[in-house]
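Peer 1: Kindly generate the corresponding structure for this input.
(2 chains)
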Number of protein chains: 2
Amino acid sequence: MIDEADRPLHGWRIGFAGLGLMGRPMARNLFTAGAELALWNRTRSVAESMLEPGMRLAGSPAELAGMSDCLVLMLADTEVVDQVLFAPPDGLANGLRPGMLLIDMGTTAVMATRKIAAKLAQTGVDYIDAPVSGGEIGAINASLTIMAGGSEEAIARARPLFAVLGKQFTHVGDVGAGQVAKAANQVIVGLNIGAVAEALSLVRRAGVDLNKVRQALLGGFAGSRILEVHGQRMIDKAFAPGGRVTTQHKDMRQACELAAELGLTLPATELSRRLYQKLIDQGDGDLDHSALIRIFDQPAE
Amino acid sequence: MIDEADRPLHGWRIGFAGLGLMGRPMARNLFTAGAELALWNRTRSVAESMLEPGMRLAGSPAELAGMSDCLVLMLADTEVVDQVLFAPPDGLANGLRPGMLLIDMGTTAVMATRKIAAKLAQTGVDYIDAPVSGGEIGAINASLTIMAGGSEEAIARARPLFAVLGKQFTHVGDVGAGQVAKAANQVIVGLNIGAVAEALSLVRRAGVDLNKVRQALLGGFAGSRILEVHGQRMIDKAFAPGGRVTTQHKDMRQACELAAELGLTLPATELSRRLYQKLIDQGDGDLDHSALIRIFDQPAE
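Peer 2: Numbers count the residues shown, from 1 in each chain, chains lettered A, B, ... in the order given. This next block holds a predicted model:
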């Protein structure tokens, strides 16, 4: 006998597109929660490698839509979202049916999100932007923070799915509001990583014990999840991602673009984007974003 | 009958110099804990205004030293520390006796701290640098985070006093290590305030609910004490200090100077120093440091 309480998504037909660092464990959690899961990934072998009995593989985004009632996108960036949705001949939009629920959980530009939602509303599809924070570890442990934009009705439909993937869910506002919150999240994460990196570089150069300083600071106003998690990675020089430098850089660029569209200048965010770019230029793009400390802190070793 | 457990500093003769936003409540907490308290402040009327029966007033730093076995400094900056200690004819150093304990709880430059400690060691004075984080509210509630540098012996002597003033104490290392930790603290606090300011400006300009975004972000990697406390101040536009812009600017300058002395360049810290300077230039120096958001976020109101 299977306990239905352990399978809250029993009866859901979910199509999952984008099986990267975050997407793979998220898709697995949906499957474990009882969903009928169909997978699509641009590089097909990635999807094949995670197939389990009961999961199905879609040959194209349009086919994925045909196999599902609810679609989850966890794609690299706005350009990829646009391609997967609309690229002829077999974009996802070609397979959409009225009444379907489409949830973009990646980090997509705000203005593009609003345009896509308006376009899909014409086919009677409920669109939600629901980007996440918490990194690979949050995806694996189903402890993601989810920030969602969309109508009350769409959000109400999606709640059981969010409950499976995350530990904290906020309905921030209308379509696009989730992406605005995520942009704010990434600005804070990117800049606070920079803050901790500069601070710990100073401590290391001054010859003082990094672990003691981190411990002392965690209890005061400098205390943060970044100091706790990424600060420790910097001290240990443990830069396996986590969240990649290239992703953080893309998010900072997107935040700068959103700011520019709104007539706003964000000097620290712009500086940070340049620093992450420098890190990519020196070949560190695939490391964890906490590797930013390597720019300031290059001991003679 | 007085319960001695409620008066852990009974029998201590403490001289307190520097009765600003932080110093006043800290001195009061020492007095409440049973210490015989002598006060000195450059502007004498400030010390007079907080006198209670049992407290005494010193006419000069040297006189303060003569009235005490343990001295606590909570002064504005390195220059003032230097003057109070060494300015003729009645600097504190003139009143010091072998075996005294001198604790600098302000934010003083690292190199100056090491020099001062070496100088005072010649007169047999135990020197501790023990700067704090937590702001006025932490000083009032005796919930400061204290980062101390000094010898094991000196630290052991000072522990009862630290237990009265703070909720978390870390012995970071030798003399100067407390100030290094504080510099790191201030870099993170100053830059994270900037991060939250830029992020919330973006959210406000995008027309999304600030409170919901703050709430959503607190649970994820963007979560921090700064987002919690200073983020709320930014949303409420409640800029009564807390910690002043001028103080934050001084600390950022000091961190940049320390970095330069160590041959390190900290680009975000330098940018942040310029932004706090801009805030001072536009007349906001006496506001809480969370007022940094006024640089980015100037609605037409």
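
Peer 1: so residue A:166 touches residue A:146, yeah?
Peer 2: Yes - assessed by C-beta atoms under 8 Å, residue A:166 is found in contact with residue A:146 at 4.3 Å. Where C-beta positions appear, they are placed from N, C-alpha and C, glycine not excepted.

Peer 1: what sits in contact with each of these two?
Peer 2: Taking C-beta atoms under 8 Å, 6 or more residues apart in numbering or on different chains as the contact rule, residue A:166 and residue A:146 both touch residue A:132.

Peer 1: what's in contact with the host helix or strand of residue A:233?
Peer 2: Element membership of residue A:233, judged by DSSP states H and E, is helix A:225-236. With C-beta under 8 Å, 6+ apart as the test, helix A:225-236 has contacts from A:189, A:192-193, A:195-197, A:200, A:210-211, A:214, A:217-218, A:238-239, A:242, A:288-290, A:293, A:297, B:188, B:220-224.

Peer 1: sorry, back to before: of residue A:166 and residue A:146, who's got more company?
Peer 2: residue A:146 (30 against 27; other C-beta atoms under 10 Å in any protein chain shown).

Peer 1: Where does that one sit: helix, strand or coil?
Peer 2: strand (DSSP: H, G, I helix; E, B strand; the rest coil).

Peer 1: Confirm for me that residue A:109 is in contact with residue A:254.
Peer 2: Yes - counting by C-beta under 8 Å, residue A:254 is a contact partner of residue A:109 at 5.5 Å.

Peer 1: Go through chain A and flag its longest helix.
Peer 2: helix A:177-205 (DSSP state H).

Peer 1: before we move on, back to that, which neighbours do residue A:109 and residue A:254 share?
Peer 2: Joint contacts of residue A:109 and residue A:254 (C-beta under 8 Å, 6+ apart) are residue A:78.

Peer 1: before we move on, the earlier item: per-residue confidence averaged over the helix holding residue A:233?
Peer 2: For helix A:225-236, the mean per-residue pLDDT is 97.

Peer 1: Neighbours of residue A:76, how many?
Peer 2: Residues lying near residue A:76 (other C-beta under 10 Å) number 18.

Peer 1: For chain B, see how far away the residue sitting furthest away from the middle of chain A is.
Peer 2: The C-alpha centroid of chain A is most remote from residue A:207, which lies 36.8 Å away (C-alpha atoms, centre = their mean). Distance, residue A:207 to chain B, by C-beta to the nearest C-beta, to the nearest Å: 8 Å.

Peer 1: Which residue, other than its chain neighbours, is closest to residue A:187?
Peer 2: residue B:199 (4.2 Å; C-beta to C-beta, 6 or more residues apart in numbering or on different chains).

Peer 1: and that neighbour, what does it touch?
Peer 2: Here residue B:199 is in contact with A:183-185, A:187-188, B:217, B:222 (C-beta under 8 Å, 6+ apart).

Peer 1: switch the cut-off to 10 Å
Peer 2: A:180-181, A:183-191, A:255, A:266, A:269, B:210, B:213-214, B:217, B:222, B:227, B:231, B:234, B:293, B:296 (C-beta atoms under 10 Å, 6 or more residues apart in numbering or on different chains).

Peer 1: and what of residue A:266?
Peer 2: Counting by C-beta under 10 Å, 6+ apart, residue A:266 touches A:187, A:191, A:252, A:255-256, A:258-260, A:272-273, B:194-195, B:197-199, B:201-202, B:296.

Peer 1: what about it, distance to residue A:199?
Peer 2: 21 Å (C-beta to C-beta, to the nearest Å).

Peer 1: Outline the domain layout of chain A.
Peer 2: A:4-174, A:180-296 (automatic domain parsing).

Peer 1: Residues of the stretch 1-150 of chain A that sit close to chain B?
Peer 2: Counting by C-beta under 10 Å from any C-beta of the partner chain, the stretch 1-150 of chain A comes close to chain B at A:110-111, A:132-135, A:138, A:143-149.

Peer 1: farthest pair in these?
Peer 2: With C-beta to C-beta as the measure, no two of these lie farther apart than A:111 and A:143, at 30.1 Å.

Peer 1: hmm, back to that, mind listing what's buried in the following helix or strand past the helix holding residue A:233?
Peer 2: The element immediately downstream of helix A:225-236 (helix or strand, assigned by DSSP H and E) is helix A:245-261. Neighbour-count burial for helix A:245-261 flags A:245-256, A:258-259 (criterion: 16 or more other C-beta atoms under 10 Å in any protein chain shown).

Peer 1: And stretch A:46-53, by the same measure?
Peer 2: A:47, A:50.

Peer 1: quick one: average pLDDT of it?
Peer 2: Mean pLDDT, stretch A:46-53: 96.

Peer 1: Is there proximity between the longest strand that chain A contains and chain B?
Peer 2: Counting by DSSP state E, the longest strand found in chain A is strand A:166-173. Yes - using C-beta under 10 Å from any C-beta, we find that strand A:166-173 touches chain B at A:166-173.

Peer 1: Just the buried subset of the residues you listed, please.
Peer 2: Buried among the residues of strand A:166-173 next to chain B by 16+ other C-beta under 10 Å: A:166, A:168-173.

Peer 1: possible to save those residues as TSV with pLDDT?
Peer 2: TSV is the format used below for those (pLDDT from 0 to 100):
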residue	pLDDT
A:166	97
A:168	94
A:169	96
A:170	97
A:171	98
A:172	98
A:173	97
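
Peer 1: contacting residues around residue A:55?
Peer 2: Per C-beta under 10 Å, 6+ apart, neighbours of residue A:55: A:16, A:27-28, A:31, A:35-39, A:47.

Peer 1: In helices, which of those residues appear?
Peer 2: Short answer: these in helices (DSSP H) are A:27-28, A:31, A:47.

Peer 1: ok, the residues you listed vs residue A:80, which is closest?
Peer 2: residue A:47 (15.2 Å).
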